[in-house]
Every structure is written in C-alpha cells, then in structure tokens.
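Trainee: I need the structure of the sequence given here:
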Amino acid sequence: MQQLAFPSFGFKTKISENKRTIFDPIRKKFVVLTPEEWVRQHVIQDLLNKGISKTRLSVEKQFDVMGQQKRFDVVVAGTNASIALLVECKAPSVPITQATFDQIARYQLALKATYLMLTNGLQHIYCQIDATQQSYQFIPEFPLNQMQL
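Mentor: Residues are numbered from 1 along each chain as shown. The predicted model follows:
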C-alpha cells in the first residue's frame, strides 16, 4: 500500500478469501484492506499513539443525518456523551475538495463534534467548531490537551 503522511506503524494483515485484510484494533476483527481502510487504520494508530484510549474510539458506526443513514469513519468520544473529534477518511486518490469538506460538515450538523479532521492520508485538514458562534476555524492540528477526553 501507498506510503502516507503518518508515522510508520506495524499492522497485522492477512489474505482471507483471496482478499487482503487488516486487523482493526477497535472493531477487533480483520477488515478488507481498501485504500480508504488503509487511511482509516493509520488515523486509528496515530490517535492511539497520541494517548487516546481505545475505549474512546468508535469506528464505522451508522447515524442519522436529516433522515438519511450515514456512516462515520472515526469518532473520539469526549466528556458528557459529547464528541471531541470527528474524522472523515478518504482514499489517497480522492482529493480534498469543497465537496469532501461539505460531507464532514453535514455529519457535523448531526454529531456536534468539537473538532473535525478530514484526511486522504496525504493531506490532513483540521477544524475547531465554535457552536455558539456557529462557525469553524482551520487549525494546524487538533489540540489533544484541550479535547475534553
């Protein structure tokens, strides 16, 4: 798989039913290794390496956005049932555009995260949400010490 803009991690992979799979430590199972999954697993390992507990992470869960069922990539739980960080992963071949940003913004309306991360593994975009002002600010990286974990 392609080298990404993350540190190198040791992943468990195997071939199952003629498909390459990778072990997801949050879902506790092997999943098909697609380019998007490669990015997702790097995000998970990066968050774990930064000290975020596995118990705070949720991966690929379904939720409702304006009556439609959607699925988020990664969420980091905050305090009081809040969401500290919402992550949207794209394959490295998918450019980060206004349309991809609009997708995570729609998810934000339903999930009300404090921080957003949009990544294709090569480029990472971070935002801090100000719910009272109904605005967002681009930031260089999410501040772990302020994430109410």
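
Trainee: ok, now how distant is the residue nearest the centre of the chain from E17?
Mentor: Centroid-nearest residue in the chain: V87, 2.7 Å away (criterion: C-alpha atoms, centre = their mean). Distance, V87 to E17, by C-beta to C-beta, to the nearest Å: 28 Å. Bear in mind the C-beta positions are built from the backbone N, C-alpha and C, glycine included.

Trainee: next one: V59
Mentor: Distance from V59 to E17, by C-beta to C-beta: 22 Å.

Trainee: residue ranges of the helices in the protein, please?
Mentor: With DSSP state H as the criterion, the chain has helices at 35-49, 98-111.

Trainee: same for the first one, what does it pack against?
Mentor: Right, the one you point to is helix 35-49. strand 19-24, strand 57-59, strand 74-77, strand 83-89, strand 113-119 (3 or more C-beta pairs under 8 Å, 6 or more residues apart in numbering; DSSP states H and E).

Trainee: what's that helix in contact with?
Mentor: 1-2, 4, 6-7, 9, 11, 22, 24-26, 31, 54, 57, 59-60, 73-74, 76, 87, 89-94, 117, 119-121 (C-beta atoms under 8 Å, 6 or more residues apart in numbering).

Trainee: Pull out the buried residues from those.
Mentor: 1, 4, 6, 22, 24, 26, 31, 57, 59-60, 73-74, 76, 87, 89-90, 92, 94, 117, 119-121 (16 or more other C-beta atoms under 10 Å).

Trainee: wait, A113 sits on L86?
Mentor: Yes: between A113 and L86 a contact is recorded at 3.8 Å, counting by C-beta atoms under 8 Å.

Trainee: what is in contact with the two at once?
Mentor: V75.

Trainee: if we can go back for a sec, need the helices and strands packed on helix 35-49 in JSON lines with distance to D46, can you?
Mentor: What follows is the helices and strands packed on helix 35-49, written out as JSON lines (distance: least, C-beta to C-beta, whole Å):
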{"stretch": "strand 19-24", "distance to D46": "14"}
{"stretch": "strand 57-59", "distance to D46": "11"}
{"stretch": "strand 74-77", "distance to D46": "10"}
{"stretch": "strand 83-89", "distance to D46": "10"}
{"stretch": "strand 113-119", "distance to D46": "10"}
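
Trainee: That concludes my questions; thank you for your assistance.
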